[in-house]
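Novice: what follows is a predicted structure for the sequence shown.
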Amino acid sequence: MKSIEPSGKNKKFDPDSFLRNTGEGRTIWSLPQKDTVFAQGEPSDAVFYIQQGGVKLNVVSKAGKEATIGVLNASDFFGEGCLAGQPLRMSSAITMSHCSLMRIESKAMLGVLHRQSDFSDRFVSYLLARNIRYEEDLVDQLFNSSEKRLARILLLFAQFGKNGGEDKVIPKVSQEMLAEMVGTTRSRVNFFMNRFRKLGFIDYNGGMEVHSSLLKVVLHD
């Protein structure tokens, strides 16, 4: 007897497959390093999911001052303001390495959030975790030294805690951008980076390798 394949309606929804494969309202973008995913002030009409690579979020003030407000890695979402009625992008998203991104139109994203509770739970958990991280960033900026802030940013770049605490080579990032994120000068960043290297917390082997021992700087009072 010929087997009957389950219909599309009866197939179990797979969030990973949804975020990996193209479909209605979903396209995959392959972008080189330093490419603009979207620019500040452009219409906000889609959510992005990072399949591979890294993205930084930048804002520019009316006076022309630029600041990096966030760094995102694989498995992160961004651009979700469109789901809350945000008409224009509040920041620019720029690739830090070659990236594979899933672009999900806002209508398609809202639809799957309403229909699939597993996916909705996953998305909400991600947003809550990222909100906690942003709060930690603010506390870090207000109370910790420049050296601790730099160490924490490097650990975030290395996704410390997501990869079992293993050492990791991070995407190339300029000391100017690190200085923006830390809120200090490039010369201070250069001083701390040289110190971290001499202490064995980081290495340069065709890229910056961040060791888990850098956590000592963050934990030290």
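Specialist: Sure thing, it's come through.
Novice: lowest-confidence helix or strand of this protein?
Specialist: strand 168-170 (a mean of 77; mean pLDDT, DSSP states H and E).
Novice: got the buried residues for it?
Specialist: Under the neighbour-count criterion of 16 or more other C-beta atoms under 10 Å, strand 168-170 has 168, 170 buried. All C-beta atoms are positioned from the backbone trio N, CA, C, and that covers glycine.
Novice: tell me what the most centrally placed residue in the chain is bridged to.
Specialist: Centre of the chain computed as the mean C-alpha position; nearest residue by C-alpha atoms, centre = their mean is residue 72, 0.9 Å away. Note on residue 72: beta-bridge partners by DSSP bridges are residue 55.
Novice: that one and residue 49 touch, don't they?
Specialist: No - assessed by C-beta atoms under 8 Å, residue 72 is found out of contact with residue 49, at 10.0 Å.
Novice: what ranges do the strands span in the protein?
Specialist: With DSSP state E as the criterion, the chain has strands at 26-31, 36-38, 46-52, 55-60, 66-72, 77-78, 92-95, 99-105, 168-170, 202-204, 208-210.
Novice: and these as CSV, adding distance to residue 189?
Specialist: What follows is those, written out as CSV (distance: least, C-beta to C-beta, whole Å):
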stretch, distance to residue 189
strand 26-31, 27
strand 36-38, 25
strand 46-52, 25
strand 55-60, 16
strand 66-72, 13
strand 77-78, 25
strand 92-95, 20
strand 99-105, 25
strand 168-170, 15
strand 202-204, 12
strand 208-210, 12
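Novice: worst mean pLDDT among those?
Specialist: For the strands of the chain, the weakest mean pLDDT is recorded on strand 168-170, namely a mean of 77.
Novice: residues contacting residue 169?
Specialist: 205-210 (C-beta atoms under 8 Å, 6 or more residues apart in numbering).
Novice: again, 10 Å this time
Specialist: The contact partners of residue 169, by C-beta atoms under 10 Å, 6 or more residues apart in numbering, come to 158, 203-210.
Novice: buried subset of those?
Specialist: For the contacts of residue 169, a neighbour count by 16+ other C-beta under 10 Å gives the buried set as 158, 208, 210.
Novice: in a markdown table: the residues you listed, plus distance to residue 145.
Specialist: Formatted as a markdown table, these follow (distance: C-beta to C-beta, whole Å):
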| residue | distance to residue 145 |
| --- | --- |
| 158 | 20 |
| 208 | 21 |
| 210 | 19 |
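Novice: now, which of these sits nearest residue 15?
Specialist: For the buried ones among the contacts of residue 169, the residue nearest residue 15 by C-beta to C-beta is residue 158; the value is 25.6 Å.
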